[in-house]
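Participant: What would the 3D arrangement of this be:
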Amino acid sequence: MAIARFLIRRVLTGIVVLWLVATAAFFLFFARPVNTVAHQLAGRAATPQVIATVIRNLGLNQPILVQYWHFLDNLLHFNLGYSYYTQQSVNTMLKQDLPPTASVVVGGVILWLIAGLAVGIISATRARSLFDRFSAVAVLIGISLPTFVIGELLLLIVFVPLNQHGFHWIQDQYAGPSTGIGNWIGHLILPWITLAAVQAAIYTRLTRGQLLDVLGEDYMRMARAKGLSERRVIFRHGVRAALTPVVSQLGVDVGQLLGGVIVVESVFGLNGLGQVSVQAIDTDNLPVIIGFVVLAAAFVVVANIIVDLTYALLDPRVRIA
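Facilitator: Numbers count the residues shown, from 1 in each chain. Alright, predicted model coming up:
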């Protein structure tokens with residue numbers, strides 16, 4: 001029940017955040033002269049006929065509060081609008097381009113957590129060893145390289161040579177899980193590595209530093225004095241305590257992840273939400289921009305609810321009742 005109440009509070013808070021974001025987006029774009037709003041909603045498809053259609057369909061001549069209510073009502077029914085430039089609903093566009101982005105995000109996060117936590121834990125438990133010194137150099141290299149440079153290097157030194165020698169499992173572009181899990185992984189392994197490389201380096205350094213601090217605490221020495229095995233001391237007590245700031249950092253990083261995905265999608269030609277958002281800005285496609293803002297806010301809210309729950313389960317000092 002305590003966890004249920006905790007989740008309900010977080011979900012309600014997330015709904016308020018989404019409402020505030022949607023409200024800000026509405027008044028930012030709609031609280032202007034009617035023709036200006038209609039012209040921007042039509043984007044590069046704007047003609048006198050299209051502008052008149054936009055005004056009629058969206059009721060832009062109605063009072064602003066009436067328009068606001070219709071806007072919220074559409075959002076509640078998961079209707080993100082219609083793009084007059086592409087002649088498609090925003091929902092259709094996002095559904096078509098969401099799978100590549102979701103695949104890159106989920107795979108990248110899992111990969112950087114596995115690599116970052118594993119290397120960080122080993123480095124902390126073997127401080128000043130050869131592995132620790134090597135990982136420190138690798139961390140500096142990972143942090144120093146921009147995402148697009150890592151992606152281009154992987155294409156140059158991995159993708160091109162392998163395909164030239166007849167090994168075609170690793171590919172660019174996007175292929176969904178419906179084509180086979182192996183094929184799906186082969187098309188996304190390089191984007192996952194690109195997205196995860198910098199973050200894995202950061203999480204390695206963060207995990208190492210936090211775990212070294214925890215291992216020096218009095219209660220850790222007490223656990224050893226009670227006769228607990230070193231493995232249990234490290235993983236049962238040390239790693240759990242060290243992970244709480246890592247989880248907090250994950251909430252921040254996930255919220256900023258869409259910016260990094262745009263670069264990865266551009267390098268590997270994945271045609272996901274990042275590409276759609278860039279094209280929408282280039283073509284003044286306002287309905288898609290608004291839809292992307294609302295979707296990004298929902299993504300951040302859901303990610304942080306999961307992170308808050310994980311944090312509460314890891315740290316008993318955090319009350320979830």
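Participant: shaky segments in the stretch 151-300 of the chain?
Facilitator: Applying pLDDT under 70 to the stretch 151-300 of the chain flags the ranges 258-260.
Participant: which residues in it form helices?
Facilitator: Taking DSSP state H, counting those that start in this stretch as the test, the helices found in the stretch 151-300 of the chain are 160-164, 181-215, 218-225, 230-232, 239-255, 257-268, 273-282, 286-314.
Participant: would you turn these into TSV with mean neighbour count and distance to residue 11?
Facilitator: C-beta coordinates here come from the backbone N, C-alpha and C atoms, glycine included. Listed next are the helices of the stretch 151-300 of the chain as TSV, based on neighbours: other Cβ atoms under 10 Å; distance: least, Cβ to Cβ, whole Å:
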stretch	mean neighbour count	distance to residue 11
helix 160-164	11	45
helix 181-215	21	27
helix 218-225	12	35
helix 230-232	11	36
helix 239-255	19	16
helix 257-268	20	21
helix 273-282	19	23
helix 286-314	20	7
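Participant: mind checking which of those helices is nearest residue 114?
Facilitator: Of all those, helix 181-215 sits nearest to residue 114, with 8.4 Å by Cβ to Cβ.
Participant: Between helix 239-255 and that closest one, find me the angle.
Facilitator: 130 degrees (axes from the mean of the first three to the mean of the last three Cα atoms, to 10 degrees).
Participant: Tell me the helices and strands packed up against helix 181-215.
Facilitator: Contact analysis of helix 181-215 by 3 or more Cβ pairs under 8 Å, 6 or more residues apart in numbering; DSSP states H and E lists helix 90-125, helix 130-144, helix 147-154, helix 239-255, helix 257-268 as its packing neighbours.
Participant: hang on, residue 277 packs against residue 288?
Facilitator: Yes - the pair residue 277 / residue 288 is scored as a contact, 7.3 Å apart, by Cβ atoms under 8 Å.
Participant: picking up where we left off before, of the helices and strands packed on helix 181-215, which approaches residue 303 most closely?
Facilitator: Ranking the helices and strands packed on helix 181-215 by their distance to residue 303 (criterion: Cβ to Cβ) puts helix 239-255 first, at 4.1 Å.
Participant: Mind giving me the packing neighbours of the closest one?
Facilitator: For helix 239-255, the elements it packs on are helix 90-125, helix 181-215, helix 286-314, judged by 3+ Cβ pairs under 8 Å, 6+ apart.
Participant: how far does the longest one sit from the chain's center?
Facilitator: Here the centre of helix 90-125 is set off from its chain's centre by 8 Å, with Cα atoms, centre = their mean, to the nearest Å.
Participant: how far away is the residue nearest the centre of the chain from residue 306?
Facilitator: The chain has residue 257 as the residue nearest its centroid, 3.7 Å off, counting by Cα atoms, centre = their mean. The gap separating residue 257 from residue 306 is 13 Å, by Cβ to Cβ, to the nearest Å.
Participant: With residue 297 instead?
Facilitator: Distance from residue 297 to residue 306, by Cβ to Cβ: 15 Å.
Participant: Thank you kindly, that will do.
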